[in-house]
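Student: dropping the sequence and predicted coords here.
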Amino acid sequence: MKAKNVVDQKTWLEARLDLLEKEKAFDKQRDALTRERQAMPWVKVEKDYVFDGPDGKESLSEIFDGRSQLIVYHFMYHPSWGDEPCKSCSFWADNFNGIIVHLKARDVTMVVISKATRPQLAAYQERMGWTFKWLSSYDNDFNRDYHVSFTEDEIENENGYLN
C-alpha cells in the first residue's frame, strides 16, 4: 500500500469538506440516474423460459412465487467450468441468504440463475451452505436473450452486447 500523507486536523478537515461537496454532487447525479432507470419502459416477455430448480422445472412466471416483482441475479457459472464458478459472484452470493426474507416482505422474489447444470449448482450450493433459490438456464436461451452470456467469437472479438 502506498504511504499516506499525514497532515494536521485543519488541513484534513479542509480536504474532507472539499470531498464532501463532490460526494453530494455525485449523490444527486446518481439519484437522477435512478429516476431515469425507474422510468424505463417494461418489455413484454414472449418466450416460454423454463428453468431447472430444486423443485423441478419452473416457468419464468412461476419463479415470481406469487409476488409482483422479481430480482434475478445472473451468477456467472458456465457448465464447462466444472465445480468452480465465478469467485466474485460467489462473494456476493454469500450475502443472499439474509436478504431474501426482507425482499419477500416487500413483495419481491429473488432468484439466482446460471447456465451451469442443476447438479453443478446443487453441489456448489451445498458446499457453500447457501439456501437461496438457484436455477439452471442450461436448457434455454435466457442468458443469451438478456445479454449476460456470450459466444466464443463475441468474447474473442470483444463484440458482444453486455446488458
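Tutor: Great, that's in hand. Numbering: from 1, shown residues only.

Student: just so I have it, where are all the helices in the chain?
Tutor: Per DSSP state H, the chain carries helices over the ranges 9-38, 60-63, 87-93, 96-104, 118-128, 142-145, 152-157.

Student: mind checking the ones you listed for the one nearest to residue 2?
Tutor: helix 9-38 (16.6 Å; C-beta to C-beta). The C-beta positions use only the backbone N, C-alpha and C, and glycine is treated the same way.

Student: quick check: buried residues in the closest one?
Tutor: For helix 9-38, a neighbour-count test (16 or more other C-beta atoms under 10 Å) marks nothing as buried.

Student: next: stretch 85-95.
Tutor: Within stretch 85-95, the residues scored as buried using 16+ other C-beta under 10 Å are 85, 86, 89, 90, 93.

Student: quick check: closest non-adjacent residue to the first one.
Tutor: With C-beta to C-beta, 6 or more residues apart in numbering as the measure, residue 77 is the residue that lies nearest to residue 85, at 3.5 Å, once sequence neighbours are left out.

Student: which stretches of the chain aren't confidently modelled?
Tutor: Applying pLDDT under 70 to the chain flags residues 161-163.

Student: centroid residue for it?
Tutor: Of all residues in the chain, the one closest to the mean position by C-alpha atoms, centre = their mean is residue 73, 3.4 Å from it.

Student: distance of the residue lying closest to that one once chain neighbours are set aside from residue 29?
Tutor: Closest residue to residue 73 apart from its sequence neighbours, by C-beta to C-beta, 6+ apart: residue 112 at 4.8 Å. For residue 112, the distance to residue 29 equals 30 Å [C-beta to C-beta, to the nearest Å].

Student: a markdown table for the helices of the chain, including distance to residue 135?
Tutor: As requested, the helices of the chain are exported to a markdown table (distance: least, C-beta to C-beta, whole Å):
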| stretch | distance to residue 135 |
| --- | --- |
| helix 9-38 | 25 |
| helix 60-63 | 7 |
| helix 87-93 | 13 |
| helix 96-104 | 13 |
| helix 118-128 | 8 |
| helix 142-145 | 9 |
| helix 152-157 | 24 |
